[in-house]
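In: I'll drop the sequence and a predicted model, then ask my questions.
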Amino acid sequence: MKAYHLIKNGSSKTAFELRKINLAEPTKEQVQIEVEVFGLNFADVMARLGYYKACPPLPTVIGYDVVGRIIKLGNEVKDLKIGQRVIALTRFGGYSTHVNTSCYGVVAIEEETDAATATALATQYSTAYYAAEHSMNLHKGERVLIQAAAGGVGTALVQLAKRKDCIIYGTAGSNEKLEYLKKQGVDFPINYTENDFYDFIKDKIGEKSIDAIFDSIGGNYVKKALKLLAPCGRLAMYGAAQIAGDSDKKSLIRQLKTLFGFGKYRPTQFFGNSQAIIGVNMLQVGDYKPYILKKCMTEVVDLYNRGEIKPVVSKVFDAKDLAEAHEYLQKRKSVGKLVCKW
């Protein structure tokens, strides 16, 4: 058994080290999985750079999603079996050949399911599903704004919003990604390097015109987005990627700029307009509402099996190229899901 340990914050070239691990027996509600592939998420980049407060002390093993096969079961696990092929949400520890994780974050998949494709279902599609279906409850015809719509969660949100016949405004950072968004069904793709999303939408349909906003960037993106939020609108935040930037060096100035960029809000402005700001963190859902996590993951797998959602894999790296994969993600070169295989 082995795992890539995060040993220092900073550049991906020096941050990781492959080490042997001695995995304990799974506890009563855990399963042990032999991992085929593990996924990368932008939260991994935040952890590497030292911005993710929930990250355990270094050295540690990060990673939130894997696909593999169950090799051991805790004695209270009843709905899973040894030998089953599964997706799993891991509370860190995913960059490993073997991992123990709660049975509430594990769902069986069909044998023929592509491993890289399935990895997206565990974290990114489950995050999107929880946000869109449980927290935001999208309705037919609503106008939806999705920031970073070409990313893993963004792609999932686009597909889930299209299922509800929503009108989608989606941002991305290149014209190539805009073409990708069009193919995914985004009605109004916006290149944020050329057009300010706020000005674009304001000029097209005016302020207070968007019913649901999904934001993974944070800072002034949220502040501007709130000006677009319609009465009875909802805004979901599930990241603060603006803090990371393109540099491997931690920047206090960038942190403060992002923090103050959010602006100040009064409770009265939200209940007066029947609006909501919602935070989404699937690790917290798993910790405090594990049955909801299980429900989301199960329903996502069902949607995939019925062909109603289709994860997009950006690139598959060998695990030995983890540093390169991290840089690829941080530089925002990917569309859809990024994975590493053992």
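Out: Thanks, I have the structure now. What you see is a predicted model; the values in this text were computed from it and never measured. Numbering: from 1, shown residues only.

In: Sort out which residues of stretch 135-146 are buried, please.
Out: Neighbour counts over stretch 135-146 (16 or more other C-beta atoms under 10 Å) mark 135-136, 138, 142-146 as buried. Backbone N, C-alpha and C define where each C-beta goes, glycine included.

In: Quick one: list the elements packing against the helix or strand containing Leu338.
Out: Using DSSP states H and E, Leu338 maps to strand 337-341. With contacts defined as 3 or more C-beta pairs under 8 Å, 6 or more residues apart in numbering; DSSP states H and E, strand 337-341 has these neighbours: strand 30-40, helix 115-120, helix 152-163, strand 313-318, helix 322-330.

In: what sits against the residue nearest the centre of the chain?
Out: Residue closest to the average C-alpha location in the chain (C-alpha atoms, centre = their mean): Gln124, at 3.9 Å. Counting by C-beta atoms under 8 Å, 6 or more residues apart in numbering, Gln124 touches 39, 41, 65, 152-153, 155-156, 311, 337.

In: at 6 Å instead, please
Out: Counting by C-beta atoms under 6 Å, 6 or more residues apart in numbering, Gln124 touches 152-153, 156.

In: quick one on the thing from earlier: could I get the buried residues of stretch 135-146 as TSV with secondary structure and distance to Thr14?
Out: Listed next are the buried residues of stretch 135-146 as TSV, based on DSSP: H, G, I helix; E, B strand; the rest coil; distance: C-beta to C-beta, whole Å:
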residue	secondary structure	distance to Thr14
Ser135	helix	38
Met136	coil	40
Leu138	coil	43
Glu142	coil	46
Arg143	strand	45
Val144	strand	40
Leu145	strand	38
Ile146	strand	34
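
In: Closest one of those residues to Asp287?
Out: Closest approach between the buried residues of stretch 135-146 and Asp287, by C-beta to C-beta: Ser135, at 16.7 Å.

In: Surely the closest one and Ile278 touch.
Out: Yes. Look at Ser135 against Ile278 with C-beta atoms under 6 Å: they come within range, at 4.8 Å.

In: any residues in contact with both of those two?
Out: By C-beta under 6 Å, 6+ apart, the residues touching both Ser135 and Ile278 are Ala236.

In: picking up where we left off before, outside of the strand holding Leu338 itself, list whatever touches it.
Out: 37-40, 116, 119-120, 152, 311, 313-317, 319, 322, 325, 329.

In: thinking Gly233 is in contact with Asp211, fair?
Out: Yes. Gly233 is within contact range of Asp211, at 5.1 Å (criterion: C-beta under 6 Å).

In: So for these two, which sits in the more crowded spot?
Out: Gly233 (25 against 21; other C-beta atoms under 10 Å).

In: The more buried one belongs to a strand, doesn't it?
Out: Yes. Assessed by DSSP: H, G, I helix; E, B strand; the rest coil, Gly233 belongs to a strand.

In: ok, now which ones touch Ile21?
Out: The neighbours of Ile21, taking C-beta under 6 Å, 6+ apart as the test, are 1, 3.

In: how near is it to Phe92?
Out: Look at Ile21 and Phe92: by C-beta to C-beta, to the nearest Å, they are 13 Å apart.

In: same deal with Glu207?
Out: 41 Å.

In: Which of the two has more residues huddled nearby?
Out: Phe92 (20 against 12).

In: Pull the contacting residues for Leu235.
Out: 213, 229, 277.

In: so Leu303 is in which element?
Out: Assigned by DSSP H and E, Leu303 falls within helix 290-305.

In: ok and that helix relative to helix 152-163, angle-wise?
Out: Angle, helix 290-305 to helix 152-163, by axes from the mean of the first three to the mean of the last three C-alpha atoms, to 10 degrees: 70 degrees.

In: what's helix 290-305 in contact with?
Out: 104-105, 107, 121, 125-126, 129-130, 285-286, 309.

In: Closest one to Trp342 out of the residues you listed, please.
Out: Among the contacts of helix 290-305, and counting by C-beta to C-beta, the member closest to Trp342 is Leu121, at 19.0 Å.

In: The closest one and Val86 touch, don't they?
Out: No. Using C-beta under 6 Å, Leu121 is not in contact with Val86; the gap is 10.5 Å.

In: So for the two, which sits in the more crowded spot?
Out: Leu121 (27 against 24).

In: which residues touch the more buried one?
Out: 87, 300, 304.

In: Show me the helices in the stretch 1-150 of the chain, by range?
Out: Per DSSP state H, counting those that start in this stretch, the stretch 1-150 of the chain carries helices over the ranges 12-15, 42-49, 115-120, 126-129.
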